[in-house]
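Peer 1: Predicted structure and sequence below. I'll ask about it afterward.
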Amino acid sequence: MKLVTFDHAGKTQPGVLKGDSIVSLAPAGLPTGRHGDLLEILHGGKQAMDAVRAAASAPDAVTIPLDAVRLRAPVLQPGKIIGIGLNYIDHCREANLQVPEVPVLFAKFPSSVVGPDDDIVFSRKICSEVDYEVELGVVIGTKAHKIGEAEALDHVAGYSIAHDVSARDLQFREAKQWDHGKSIDTFCPWGPYLATPEDIPDPQNLDLRLFLNGQELQTSNTKNMIFSVARLVSFISQSITLEPGDLIVTGTPFGVGFSRNPPIYLKDGDECVLEISGLGRLRNKVREID
């Protein structure tokens with residue numbers, strides 16, 4: 001099942017993507033919360049997800065053509081966005097950094113979230129070395145606190161594409177923390193939908209690709225992750241309680257811009273297209289402001 005948040009007729013609402021149309025969940029009486037997104041449904045757990053499935057297959061379901069809506073990020077303001085650094089060996093090598101013994105965590109602030117087709121916006125007065133990173137996004141479905149690795153995936157609501165846009169000049173200038181360079185407004189595009197686990201039975205066998213202006217710059221598979229999704233969820237939960245709607249951005253593979261010779265950084269008018277098998281395509285243009 002592919003869950004979405006979308007705008008239609010001046011209203012933000014949750015839905016289920018089916019081919020070229022969306023089944024609106026608002027008429028079924030499912031909770032939409034103050035933002036109109038999927039967050040309240042995720043908080044509803046299994047009971048709410050069962051209701052979603054029933055609503056999506058109901059004969060009187062309200063269906064809207066996909067080209068008549070604007071897709072948003074599946075959760076507009078996650079309670080937490082936890083990034084994972086250096087989670088692919090080839091990326092560690094290109095960054096000339098040691099392979100970590102435990103997951104490297106950093107934060108991306110919820111205000112950095114944008115959705116499909118929204119612009120990535122930055123000012124050169126703030127940063128000029130803006131890099132791209134395709135990553136698998138993992139969304140928590142049920143509260144996870146000090147859980148074991150064997151049960152970790154039971155706490156996952158689904159998977160999505162995430163773009164960990166990074167201001168390298170800020171990141172490297174403030175080397176003891178990465179949050180600033182990772183959390184600029186618009187620096188966390190994600191979507192276009194949240195695929196539930198029955199659609200992604202093995203999150204450790206997904207192809208990732210990133211194209212910049214049509215040129216493929218990153219390609220890998222999640223089987224190359226140093227720490228698996230299950231390991232990450234379990235590890236984080238030992239010290240940080242994970243709540244429904246929290247987003248884990250699981251790391252990027254080889255091919256980022258700062259490691260190239262010469263470096264490739266995002267500039268005004270660029271178009272980034274990210275693909276992960278089973279999770280569709282995330283497209284965003286770049287816009288520089290004064």
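Peer 2: Okay, I see it.
Peer 1: Break the protein down into its structural domains.
Peer 2: Domain assignment for the chain, taken from automatic domain parsing, gives 2-72, 81-289.
Peer 1: Redo those domains as CSV? Include mean neighbour count and mean pLDDT.
Peer 2: In short, each C-beta sits where N, CA and C put it, glycine included. As requested, the domains of the chain are exported to CSV (neighbours: other CB atoms under 10 Å; pLDDT from 0 to 100):
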stretch, mean neighbour count, mean pLDDT
domain 2-72, 17, 94
domain 81-289, 19, 96
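Peer 1: how much space between residue 132 and residue 66?
Peer 2: 26 Å (CB to CB, to the nearest Å).
Peer 1: repeat for residue 200
Peer 2: 21 Å.
Peer 1: for residue 137, same thing?
Peer 2: As judged by CB to CB, residue 137 and residue 66 stand 21 Å apart.
Peer 1: What of residue 247?
Peer 2: In terms of CB to CB, residue 247 sits 23 Å off from residue 66.
Peer 1: Over to residue 55?
Peer 2: For residue 55, the distance to residue 66 under the criterion CB to CB works out to 18 Å.
Peer 1: Equivalent analysis for residue 5, please.
Peer 2: The spacing between residue 5 and residue 66, counted by CB to CB, is 13 Å.
Peer 1: residue boundaries of the helices in this protein?
Peer 2: Counting by DSSP state H, the segments of the chain that form helices are 39-43, 45-56, 89-94, 168-173, 179-182, 229-237.
Peer 1: Same list as before, those helices that is, but in a markdown table and with distance to residue 82 included.
Peer 2: Formatted as a markdown table, these follow (distance: least, CB to CB, whole Å):
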| stretch | distance to residue 82 |
| --- | --- |
| helix 39-43 | 16 |
| helix 45-56 | 21 |
| helix 89-94 | 18 |
| helix 168-173 | 16 |
| helix 179-182 | 11 |
| helix 229-237 | 6 |
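Peer 1: wait, which of the ones you listed is closest to residue 216?
Peer 2: The closest of the helices of the chain to residue 216 is helix 89-94. By CB to CB, the value is 15.3 Å.
Peer 1: List of residues touching the closest one?
Peer 2: Residues outside helix 89-94 that contact it (CB atoms under 8 Å, 6 or more residues apart in numbering) are 86, 98-100, 220, 224, 226, 251-256, 259.
Peer 1: any idea which of those residues is closest to residue 188?
Peer 2: Using CB to CB, residue 252 is the member of the contacts of helix 89-94 that lies nearest residue 188, at 13.1 Å.
Peer 1: so the closest one sits right up against residue 86, yeah?
Peer 2: No - no contact is recorded between residue 252 and residue 86 when judged using CB atoms under 8 Å, the distance being 9.3 Å.
Peer 1: where along the stretch 101-250 of the chain do the strands fall?
Peer 2: Secondary structure of the stretch 101-250 of the chain (DSSP state E, counting those that start in this stretch): strands located at 104-107, 113-114, 120-123, 130-131, 134-140, 156-163, 166-167, 188-195, 207-212, 215-221, 247-249.
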